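Peer 1: Pasting a predicted model and its sequence here:
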Amino acid sequence: MSSTTETVVIGAGAAGLMAGIWAARAGQKVVVLESTAQAGKKILISGGGRCNLLPSVADISDFYSGSSDNAIKRLFRTWPLEQVQMFFEYEVDVPLQLEGETGKLFPQAQKSIVVRDALQNELLNLGGEIRFNHKVTDVKKVGGDFVLACGDNVISAKKLIMATGGKSVPNTGSDGFGYEIARRLGHSNLPNYPALVPLATNESLLTDLRGISLRVEWRAEKNGKTLELGNNDLLFTHHGFSGPAILDASHWIVRDKADLIINFTQVSSEEWRQRFIDEPAKTAHAVLSDIVPARLAKALLEKANVKHDDRVGNLPAEKRKAFIDVICNYKLAISGNRGLAVAEVTGGGIPLDEVNLSTLESKKTSGLYLCGEILDVIGRIGGYNFYWAFVSARLAGESTK
């Protein structure tokens, strides 16, 4: 069966739905093709089913790309965060609620389905169409039209928006085939890797701590150079490490093979040295378990080869140094990561220098637009990747007019 439309969007995730909305608002006849039986599967599972929709504040440092900071700034200036918030609250009727301790914005209803349904309904109300269980298996540019094969169906369109996502959480429909389609249409692809992903370790001393969660300072370091600093929660797991601190740091470890250094107490080495002077009669375990969980204190002392009942004022200089180094500069033994099956986003992708930053139209194939995770931009945890999806999708969608 054959059909023709003006604009086709591949993918009905966060970026695809938003791109379809703005293409329809631009006057296009829009068909969104979704390979699975429903739209927005990643929206539905985000935030534990509550949907961490957006951050409350954002800065260029919250995003990572192989492109320049100026390119990223230019893209985010097209739809400032405050205006995205207003879109949800006033244009699609999704009131937002700030989670004060994290700075995250959730739908007031605390249900992801509210967000998915609002985007889907807005698209349909604008005259857009979503075709489910339509997996695109091939795309060709024939003359001035894109010809898409979906099983027995052939769809032709003047313009094509790629919102196919990456390779992370493939059971939501993100199988990575979008990269292959882009390649067939002339694009290159920076190596893909799991980002915002839990890390693994073979160090039994730490895997025995599974279930413990605490706020830490972290730094990603390579060849003596600090790549990034952060302060967030670390969770010990059966496999190794997770939590916001680990997820935010993970792309440095996976992509750049950096070391991950942890300060478990958020207290500086100098402050610890002073504490030993001020509280010489305290035992090593007592002074440490005042700040971290007792099980972690025991493990850190074992690592430093310090007995739990040693008084800190009596520790030899070399043991004091070992104690402080373990507390403040613990180099996690990373053996790997949990992979794309559990990673929240996919790093790498189509380089930004292959698209027009004013429209997100391909420089390789006219009439082709790219948005969301398929492009080489990732954000930290906390709604930043949805923000990128929405900003890039709006720009791509409205540029089809």
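Peer 2: Sure thing, it's come through.

Peer 1: give me the number of residues near His108?
Peer 2: Just so we're on the same page, residue 108 is Gln rather than His. By the measure other Cβ atoms under 10 Å, the count of residues near Gln108 is 12. C-beta: built from backbone N, CA, C; applies to glycine.

Peer 1: With Arg273 as the reference, measure out to the closest residue to it other than its chain neighbours.
Peer 2: Nearest non-adjacent residue to Gln108, counting by Cβ to Cβ, 6 or more residues apart in numbering: Pro95, 4.1 Å away. Distance, Pro95 to Arg273, by Cβ to Cβ, to the nearest Å: 50 Å.

Peer 1: Next: Lys303.
Peer 2: 19 Å.

Peer 1: Kindly report the same for Asn192.
Peer 2: Distance check for Asn192 against Arg273: by Cβ to Cβ, it reads 45 Å.

Peer 1: do the same with Gly127
Peer 2: 68 Å.

Peer 1: Can you point out the buried residues in stretch 360-380?
Peer 2: 360-362, 365, 367-380 (16 or more other Cβ atoms under 10 Å).

Peer 1: Quick one: mark the members of the residues you listed that sit in strands.
Peer 2: 368-370, 378-379 (DSSP state E).

Peer 1: Which one of those is nearest to Pro55?
Peer 2: For these, the closest approach to Pro55 (Cβ to Cβ) belongs to Gly379, at 8.4 Å.

Peer 1: wouldn't the closest one be in contact with Trp388 here?
Peer 2: Yes - when contacts are counted by Cβ atoms under 8 Å, Gly379 is listed as touching Trp388 (5.3 Å).

Peer 1: Now do the shared contacts for these two.
Peer 2: Here Gly379 and Trp388 have Phe63 as joint contacts, going by Cβ atoms under 8 Å, 6 or more residues apart in numbering.

Peer 1: List the buried residues of stretch 162-170.
Peer 2: Neighbour-count burial for stretch 162-170 [16+ other Cβ under 10 Å]: 162-169.

Peer 1: on that earlier part again, burial count for the residue nearest to Gln108?
Peer 2: Pro95 has 11 nearby residues by other Cβ under 10 Å.

Peer 1: ok now do it, which residues does it touch?
Peer 2: Residues in contact with Pro95 (Cβ under 8 Å, 6+ apart) are 89, 107-109.

Peer 1: now Lys41
Peer 2: Neighbouring residues of Lys41 by Cβ under 8 Å, 6+ apart: 13, 172-173.

Peer 1: For it, give its distance to Gly379.
Peer 2: Going from Lys41 to Gly379 by Cβ to Cβ gives 19 Å.

Peer 1: One more: Phe236?
Peer 2: According to Cβ to Cβ, Phe236 stands 25 Å off from Gly379.

Peer 1: before we move on, what about Ser61?
Peer 2: When Ser61 is compared with Gly379 (using Cβ to Cβ), they lie 10 Å apart.

Peer 1: same question, Pro351
Peer 2: In terms of Cβ to Cβ, Pro351 sits 17 Å off from Gly379.

Peer 1: before we move on, what about Arg184?
Peer 2: 28 Å.

Peer 1: Equivalent analysis for Arg131, please.
Peer 2: 29 Å.

Peer 1: got it, and Ala71?
Peer 2: 15 Å.

Peer 1: for Glu373, same thing?
Peer 2: Counting by Cβ to Cβ, the gap from Glu373 to Gly379 is 10 Å.

Peer 1: Likewise for Lys303?
Peer 2: From Lys303 over to Gly379 (counting by Cβ to Cβ), the distance is 34 Å.

Peer 1: Next: Pro194.
Peer 2: 15 Å.

Peer 1: where does the stretch 1-150 of the chain dip in pLDDT?
Peer 2: By pLDDT under 70, the stretch 1-150 of the chain contains no weakly predicted segment.

Peer 1: ok, which stretches of it are strands?
Peer 2: With DSSP state E, counting those that start in this stretch as the criterion, the stretch 1-150 of the chain has strands at 2-10, 30-33, 54-55, 63-64, 96-99, 104-107, 129-131, 138-142, 145-150.

Peer 1: Arrange the ones you listed in TSV, one row each, with distance to Glu221 and mean neighbour count as further columns.
Peer 2: Converted to TSV, these look like this (distance: least, Cβ to Cβ, whole Å; neighbours: other Cβ atoms under 10 Å):
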stretch	distance to Glu221	mean neighbour count
strand 2-10	40	21
strand 30-33	44	26
strand 54-55	26	21
strand 63-64	16	20
strand 96-99	31	14
strand 104-107	28	23
strand 129-131	46	17
strand 138-142	43	14
strand 145-150	46	18
